[in-house]
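Q: Fold the following and give me the result.
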Amino acid sequence: MEYIVQGYEPKKLFEFFEEICAIPHGSGNESAIAEYLVDFANARGLECHRDAVNNVFIKAPATKGLEDRPAILLQGHTDMVCEKNHDTVHDFTKDGLKLFIEDGWLGAKGTTLGGDDGIAVAMMMAILDGQTPHPAVECLFTVEEEVGLLGAESFDYSLVSATRMINMDSEDEACVTAGCAGGLRTDLAIPVCYTEALGAAVKISIGGLAGGHSGADVHRGRANANKLMGRVLRSLSKELDFNLCAIEGGSKDNAIPRECVAVVCGQDLSNLSAKADKLKIALTAELCAQDAGFFLQCEEIKLPNTCMDQDSTKRVICAIATVASGVLAMSNHIEGLVEYSRNLGIIRTAEDCVHLTLSSRSAIESQLDASIDELDALAALCGASTRHHSRYPGWSYAKQSPIREEYLAAYAELFGKTPEVSVIHAGLECGIIRSRLPRMDMISVGPNMRDIHSPDERLDLASCARFWQVIAHVLCK
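A: Numbers count the residues shown, from 1 in each chain. Modelled structure (predicted):
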């Protein structure tokens, strides 16, 4: 293939990343990239295990002179969040990404890039390819991290012999992550009844928002399109008589939704557009600078055959308007750390119900229990049902960590400054791995990325080259 990244070392690292971008690898669609990794390992005579869910585990012996160093586990996930702009034509199940470089940042045209966590996959491949000396390395490539850390949950950890680990699923070169939140998913289904649609129909569209990662970006004040739509519909319903026909918003429970569309119908909606314009002015004044592209539009469309009845309309709108989403609590122990949050990530209208999908996060298990109770209570009030699933543990900060000290020292030696050590609100596979391998000494690190989980995702190429230098330094010492 023709590679577009030039002038950065090691060359093979960036070539591997571009090859990964050419392979569709959204969550649940990792079989092709698993095959790619198995072929890679077989071509180099490396020990390789591929399990039933497409986790891949590759081992390489120490290079000459480093046989006495303890083995190290390197880890990242092969799946990516598949988000695209509404006007982008792209099939994530079939199409490779269309890459471009701007001001030293690598992106994908109209879609997410998958630097989260394709760069970890490329890093491990470059190490296994012999681009740097290393001790015995064990590389774990997990699947379905973005939909509940499912690959890490199902992996057979008896294959692992290392007792120190570098997870490469972080997005800030100047920060070493030493702890993370746990989380869970909730599906809330609101039963609805349909009746004949009468009058005129209007499509209400919200979009142009920044979106982002529901954990890493939740503190930035970015608006949630689904919550804005709930607010708009609730406000309009106090002045206008209408029925809800359908509502659709967001595409990933762990991505802050950027767009939401609702269709309503009624006998007299002539004032709806004007009232929505007033709401738009008020909402725009509240939004952060990153949401400067926000729009709220109304368009008369062909009347559907059916709509939800008045009771169903009221219950759906009240549920969306009421459910808490965003930062719910800040840490009492670590200044500036979000401790507890929830994201209303997806709204979908089905034949007999409206589905809400939510992601709750906290490092404190009792807060996740509280989130379950709160959502169950909301469901009881609006006649809905809930299913809580994909719960995963957090990763608590360790006061003593040799691998952390090694990494900090390597970065300081190479670049003359010491990275910050932090605990994050996002979920990482480290929590599951620590629960299965309690003696594992671990950190999470990575190169600079921005706007992950959105079509604005970018990967800093110079930072990748520096990140490689630090990893190579740690492996060689």
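
Q: Run through the residues that contact residue 298.
A: Contact criterion CB atoms under 8 Å, 6 or more residues apart in numbering gives 202, 203, 204, 205, 272, 273, 276 as the residues in contact with residue 298. (Each C-beta comes from the backbone N, C-alpha and C, glycine too.)

Q: which of these has the most neighbours?
A: The most neighbours of any of the contacts of residue 298, using other CB atoms under 10 Å, belong to residue 202, which has 23 neighbours.

Q: Report the contact partners of that residue.
A: For residue 202, the contacting residues are 263, 264, 265, 269, 272, 273, 298, 299, 300, 301, taking CB under 8 Å, 6+ apart as the criterion.

Q: May I have the strands that pair with the helix or strand encompassing it, each with its orientation?
A: In this structure, residue 202 sits in strand 200-207 according to DSSP states H and E. Take DSSP bridges as the rule and strand 200-207 pairs in its sheet with strand 260-266 (antiparallel), strand 295-301 (antiparallel).

Q: Can you name every helix or strand that whatever helix or strand comes next after the last one contacts?
A: Note on strand 295-301: by DSSP H and E, the next helix or strand toward the C-terminus is strand 306-308. For strand 306-308, the helices and strands in contact under the criterion 3 or more CB pairs under 8 Å, 6 or more residues apart in numbering; DSSP states H and E are strand 194-196, strand 243-249.

Q: most tightly surrounded among those?
A: Neighbour counts averaged per stretch over those are highest for strand 243-249, at a mean of 22; criterion: mean count of other CB atoms under 10 Å.

Q: What's the first helix or strand after that one?
A: Scanning the chain past strand 243-249 towards its C-terminal end, the next helix or strand to appear is strand 255-256 (assignment: DSSP H and E).

Q: which strands and helices sit next to that next one?
A: The elements that strand 255-256 packs onto, with contact taken as 3+ CB pairs under 8 Å, 6+ apart, are strand 212-213, strand 338-349.

Q: just the helices in the stretch 351-477 of the chain please.
A: In chain order, the stretch 351-477 of the chain shows helices spanning 365-381, 402-415, 430-436, 461-476, with DSSP state H, counting those that start in this stretch as the criterion.

Q: Present those as a markdown table; the columns should include mean pLDDT, distance to residue 395 and mean neighbour count.
A: Rendered in a markdown table, the data for the helices of the stretch 351-477 of the chain read as follows (pLDDT from 0 to 100; distance: least, CB to CB, whole Å; neighbours: other CB atoms under 10 Å):
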| stretch | mean pLDDT | distance to residue 395 | mean neighbour count |
| --- | --- | --- | --- |
| helix 365-381 | 97 | 13 | 16 |
| helix 402-415 | 97 | 13 | 16 |
| helix 430-436 | 94 | 4 | 21 |
| helix 461-476 | 97 | 20 | 20 |
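
Q: Of all these, which one comes closest to residue 158?
A: For the helices of the stretch 351-477 of the chain, distance to residue 158 was read as CB to CB. The smallest value, 9.5 Å, belongs to helix 430-436.

Q: Strands of the stretch 101-250 of the chain, residue ranges please.
A: Assigned by DSSP state E, counting those that start in this stretch, the stretch 101-250 of the chain shows strands spanning 105-108, 137-142, 164-167, 175-177, 182-191, 194-196, 200-207, 212-213, 243-249.

Q: The longest one - what's its average pLDDT?
A: When you say that, I think you mean strand 182-191. Averaging the model's pLDDT scores along strand 182-191 yields 96.

Q: can you give me the offset of that strand from its chain's centre?
A: Centre-to-centre, strand 182-191 and its host chain are 16 Å apart (CA atoms, centre = their mean, to the nearest Å).

Q: For it, list every residue counted as buried.
A: Neighbour-count burial for strand 182-191, with 16 or more other CB atoms under 10 Å as criterion, is recorded at 182, 183, 184, 185, 186, 187, 188, 189, 190.

Q: Can you tell me which helices and strands it packs against?
A: Strand 182-191 makes packing contacts with helix 310-322, strand 353-362, helix 365-381, strand 385-392 when contacts are defined by 3+ CB pairs under 8 Å, 6+ apart.

Q: Let's have the ones you listed in CSV, adding distance to residue 26.
A: Rendered in CSV, the data for the helices and strands packed on strand 182-191 read as follows (distance: least, CB to CB, whole Å):
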stretch, distance to residue 26
helix 310-322, 26
strand 353-362, 16
helix 365-381, 26
strand 385-392, 17
